[in-house]
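**Student:** heads up, no residue letters with this:
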RNA sequence: GGAGAGGUGGCAGAGUGGUCGAAUGCACUGGUCUUGAAAACCAGCGGUCCUUUAUCGGUCCCGUGGGUUCGAAUCCCACCCUCUCCGCCA
């Protein structure tokens, strides 16, 4: 949610900034509603104030045993005016609220212009794509040849976009999770946290999945819960309705969780293999920081995600998302894309974002600034560190040999009983 | 799932229709005193939104949402949550 003060004082500036997202803000509609709101809110509060003071008078008269009928009649009249006024105010505020909570975050000044992912700006590349003296296979061919990845059975059990993994691949998957958690915990200073995978609607609103993107979520209607699309939702919402003290900041959490996405609207896209699944696992980093340090934190966080790829010796590049490709809540996002020999291209494996106060305002996540002694909004950030399924794919495709065996990256061997290779 | 008890400020805890946003204690902050500290004493000490350049002022908030009333922390309804016991169960 954007700052309502900013929307009042400088709506045109907001509209201009949002053009970077190729979004057109209906400035006139907002201004008209805002004018009405102001008029009616002031009138309503004046009526409330009048009612309160008159009612107190009644109490005083009665306690002295005097007759208060005249004032009681008067307040009755005020009350009916007040009812009308309140009803109108509620309606206007609901309309305004719906509009405002549907406005995406303002892109940071450093975000490049553009409309699609083709306009994203490459920041840096790391590592060199391995040259193969044979035709590299993709993870589907590799996994099925090994007999360790099984999409058909998953389809039988559930549906498409699910997977069953066996043996060495399942272990490799688990090793990746532990390796990532340990690295972020021990080297990057994140506190490990384990959270619910079902969350309520307030939590989804807090991080921005609701109300606009309900169709992307799995919803358990009977209980009103949602399956988390990312650990970002429960982890960031730990700070909802809280006022954190200065000395507990910054807060840095690392969390492994499954993620559930309906993938509505992605029909026909990435249907082959494990790239785009309804259920996948992710190690997520979340930071809650003071506003003045959030952009430094974004660089750090992105570096932490990159470090995992470096340790796995997987080539990647970092891009800054352009305005048109930026997520709803983010002010700035770096995507990290890993090299996949099977597809002969870079594919997203991590997304690291600074949300500034956008999520914090939605969920009232604050800290007490010792300089002002007032509660102020935090800045929130998160990034994948990394998407486990896609990392698994990257390892398989980058570490394959001619026979279709997978060499296990050295950093993962301690997690796999020092196994060095996955073979048939 | 069944039965019972309960949800009040950072914490504890009073408050069952009228100057109650809320006593009191603790914690915290500032001051006095002290060489310093402690103690004691004095003062301050929730959040939200609106109006305003700001102050001042006002609104709303006693789990949440409705309702009754001139007036609700207090009465009524629904829901949520916590605790205890029973049942079921990894």
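**Tutor:** That came through fine. Quick caveat: nothing in here was measured; it's all calculated off a predicted structure. Numbers count the residues shown, from 1 in each chain, chains lettered A, B, ... in the order given.

**Student:** pLDDT wise, what is the residue nearest to residue A:405 when sequence neighbours are not counted at?
**Tutor:** Take residue A:405 and drop its neighbours on the chain: the residue closest to it by C-beta to C-beta, 6 or more residues apart in numbering is residue A:423, 4.1 Å away. Just so you know, the C-beta spots here come from the backbone N, C-alpha and C atoms, and that holds for glycine as well. Residue A:423 is assigned 96 on the pLDDT scale.

**Student:** does residue A:423 really touch residue A:400, like I thought?
**Tutor:** No - applying C-beta atoms under 8 Å as the test, residue A:423 and residue A:400 come out as separate, 10.8 Å apart.

**Student:** shared neighbours of those two, which are they?
**Tutor:** Shared contacts of residue A:423 and residue A:400 (C-beta atoms under 8 Å, 6 or more residues apart in numbering): residue A:406.

**Student:** residues near whichever residue of the stretch 51-200 of chain A sits closest to RNA strand B, how many?
**Tutor:** Residue of the stretch 51-200 of chain A nearest RNA strand B, by C-beta to the nearest atom of the strand: residue A:59 (2.9 Å). Using other C-beta atoms under 10 Å, residue A:59 has 11 neighbouring residues.

**Student:** for residue A:157, same thing?
**Tutor:** There are 10 residues near residue A:157, going by other C-beta under 10 Å.

**Student:** so what's it up against?
**Tutor:** residue A:164.

**Student:** try 7 Å
**Tutor:** Listed by C-beta atoms under 7 Å, 6 or more residues apart in numbering, residue A:157 has no contact partners.

**Student:** any idea how far RNA strand B is from residue A:211?
**Tutor:** Using C-beta to the nearest atom of the strand, to the nearest Å, one gets 17 Å for the distance from residue A:211 to RNA strand B.

**Student:** so what pLDDT did that residue get?
**Tutor:** You'll see residue A:211 listed with a pLDDT of 88.

**Student:** What is the three-state secondary structure of residue A:137?
**Tutor:** With DSSP: H, G, I helix; E, B strand; the rest coil as the basis, residue A:137 sits in coil.

**Student:** Ramachandran angles for residue A:130?
**Tutor:** Per-residue torsions, residue A:130: phi -70, psi 140 (degrees, to the nearest 10).

**Student:** Quick check, it in contact with residue A:398.
**Tutor:** Yes - Residue A:130 is in contact with residue A:398 according to C-beta atoms under 7 Å; the separation is 6.2 Å.

**Student:** Could you tell me which residues touch both of these two?
**Tutor:** In contact with both residue A:130 and residue A:398: residue A:341, using C-beta under 7 Å, 6+ apart.

**Student:** of the two, who's got more company?
**Tutor:** residue A:398 (24 against 15).

**Student:** Now do the same contact list for the more buried one.
**Tutor:** By C-beta under 7 Å, 6+ apart, residue A:398 lies in contact with A:130, A:314, A:341.

**Student:** give me the subset of the residues you listed touching RNA strand B.
**Tutor:** Within the set of these, contact with RNA strand B (C-beta under 7 Å from any atom of the strand) is found for no member.

**Student:** related to what we said a few turns ago, let me know the pLDDT of the residue of the stretch 51-200 of chain A closest to RNA strand B.
**Tutor:** pLDDT, read off for residue A:59, is 86.

**Student:** which helices and strands does the one helix or strand it maps to pack with?
**Tutor:** In the assignment (DSSP states H and E), residue A:59 maps to helix A:27-63. Where contact means 3 or more C-beta pairs under 7 Å, 6 or more residues apart in numbering; DSSP states H and E, helix A:27-63 is packed against helix A:11-18, helix A:69-101.
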